[in-house]
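Asks: following is a predicted model, sequence given first.
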Amino acid sequence: MANIKSQKKRNITNDKAHERNKSVRSELKSRVKAAESDESGDENALNAAIKRIDTAAQKGVIHKNTAARKKSRLIKRVRTSA
């Protein structure tokens with residue numbers, strides 16, 4: 001444990017951000033799985049997943065290049081399975 005006051009404050013801030021990011025990441029994974037398993041070929045699940053990926057990148061939960069890569073691979077998987 002840190003002895004420096006500013007580091008103690010920073011640890012608290014990091015824990016709060018970690019909890020927020022966990023929920024965003026969890027929802028992101030859920031939307032991606034739903035889009036991949038959607039057999040009807042409906043665009044709504046895919047669009048929802050892409051929106052969540054963009055939101056996570058915008059909030060800084062994932063890097064923008066990671067978001068672009070995830071979207072590209074997701075679209076590729078959905079298009080080939082449909």
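Replies: Yep, that arrived. Here the structure is a predicted model, which means the values were calculated and not measured.
Asks: quick check: closest non-adjacent residue to I50.
Replies: Distances taken as Cβ to Cβ, 6 or more residues apart in numbering place K71 nearest to I50, at 5.5 Å, with adjacent residues excluded. To be clear about C-beta, it is placed using only N, CA and C from the backbone, and glycine gets the same treatment.
Asks: tally of neighbours for the one you found?
Replies: Here the number of neighbours of K71 (other Cβ atoms under 10 Å) works out to 17.
Asks: which helix or strand contains it?
Replies: helix 64-81 (DSSP states H and E).
Asks: what's that helix in contact with?
Replies: Contact with helix 64-81 is made by V32, A35, E36, D38, L46, A49, I50, I53, D54, A56, A57, I62, as judged by Cβ atoms under 8 Å, 6 or more residues apart in numbering.
Asks: buried subset of those?
Replies: Buried subset of the contacts of helix 64-81 (neighbour count, 16 or more other Cβ atoms under 10 Å): V32, A35, D38, L46, A49, I50, I53, A56, A57, I62.
Asks: in helices only, show me those residues.
Replies: Among those, the members falling in helices (DSSP state H) are V32, A35, L46, A49, I50, I53, A56, A57.
Asks: ok, those residues vs I12, which is closest?
Replies: Of all these, I12 sits closest to A56, with 23.1 Å by Cβ to Cβ.
Asks: where does pLDDT dip in this structure?
Replies: Applying pLDDT under 70 to the chain flags the ranges 40-41, 82.
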